[in-house]
Every structure is written in structure tokens, then in C-alpha cells.
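Asks: coords please:
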Amino acid sequence: MNKHFSWLFLLFCLSVAAKSLKCVTCHLRTQADRCRRGFGVCIAQKHEACMILQIFQDEALQLSYMVCQQFCKDMTFDFNNRTYVHKCCNYNYCNYKM
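Replies: Modelled structure (predicted):
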């Protein structure tokens, strides 16, 4: 009986891992399209999505920030002559492609 339980538990764990949303992390991506700090992958938890924050000045991309974000919402706002674009998505590695 323990063998059957072990197999069922293993299959459950694999199916949960396969369904988990994977997002790219980068805490400082430069205009030259290179991650300078925090490159990796995060696994989104409950109520999280992949998020990218892009900062523009004079319509030119200056910096990007990518993480798993709880209660993520798309929004755009201007502050100190810069435009901040906050985008959310829900498929694997989607915040890297934006």
C-alpha cells in the first residue's frame, strides 16, 4: 500500500510543478538589454502573476524590473519626467518577452 501512495504523491507533486507559473526575475535590466542584478526565475504563488516595470524617459527605455507580483495590475503613470509602465501576464516567462 505504501508503494501506491508514494507513486500517487510523486505524480501529484509533478503535476503541481508542471502547472506552476514561472516568471523571469531581474532587479535591474539596463537599456542595453542586459540584466545586471537579480537574474533568475521565480515560481508564482497564489494570487501572483509575472510582472515587468519599465521606466521610460523621452520615450526611450531606461530600466526594467521583473518579478512575481502579488495582486498585479496593469498601469501606466508619469512622475518626474519619466513614464512608468507596469504590465502583468500569466504564462511562463511572459514578462521577459514584453
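Asks: Run through the bridge partners of residue 87.
Replies: residue 52 (DSSP bridges).
Asks: Give me the pLDDT value at it.
Replies: If you check residue 87, the pLDDT there is 98.
Asks: That one: how many residues sit nearby?
Replies: 19 (other CB atoms under 10 Å). For every residue, glycine as well, the C-beta is placed using N, CA and C.
Asks: and what of residue 46?
Replies: Neighbourhood size, residue 46 [other CB under 10 Å]: 5.
Asks: Below-threshold pLDDT in this structure: ranges please.
Replies: Applying pLDDT under 70 to the chain picks out residues 1-18, 98.
Asks: Can you show me the strands along it?
Replies: Secondary structure of the chain (DSSP state E): strands located at 22-30, 35-37, 40-43, 48-57, 60-70, 75-79, 82-89.
Asks: Out of those, which gets nearest to residue 95?
Replies: strand 48-57 (3.9 Å; CB to CB).
Asks: re earlier: which of the strands of the chain sits closest to residue 96?
Replies: Among those, the nearest to residue 96 by CB to CB is strand 22-30 (4.1 Å).
Asks: What is that closest one packed up against?
Replies: Helices and strands touching strand 22-30, by 3 or more CB pairs under 8 Å, 6 or more residues apart in numbering; DSSP states H and E, are strand 35-37, strand 40-43, strand 48-57, strand 60-70, helix 94-97.
Asks: Residue 87 is nearest to which of those?
Replies: Closest among the helices and strands packed on strand 22-30, once you apply CB to CB, is strand 48-57, at 5.3 Å.
Asks: Could you dump the helices and strands packed on strand 22-30 into JSON lines with distance to residue 27 added?
Replies: What follows is these, written out as JSON lines (distance: least, CB to CB, whole Å):
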{"stretch": "strand 35-37", "distance to residue 27": "5"}
{"stretch": "strand 40-43", "distance to residue 27": "10"}
{"stretch": "strand 48-57", "distance to residue 27": "10"}
{"stretch": "strand 60-70", "distance to residue 27": "6"}
{"stretch": "helix 94-97", "distance to residue 27": "13"}
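Asks: That concludes my questions; thank you for your assistance.
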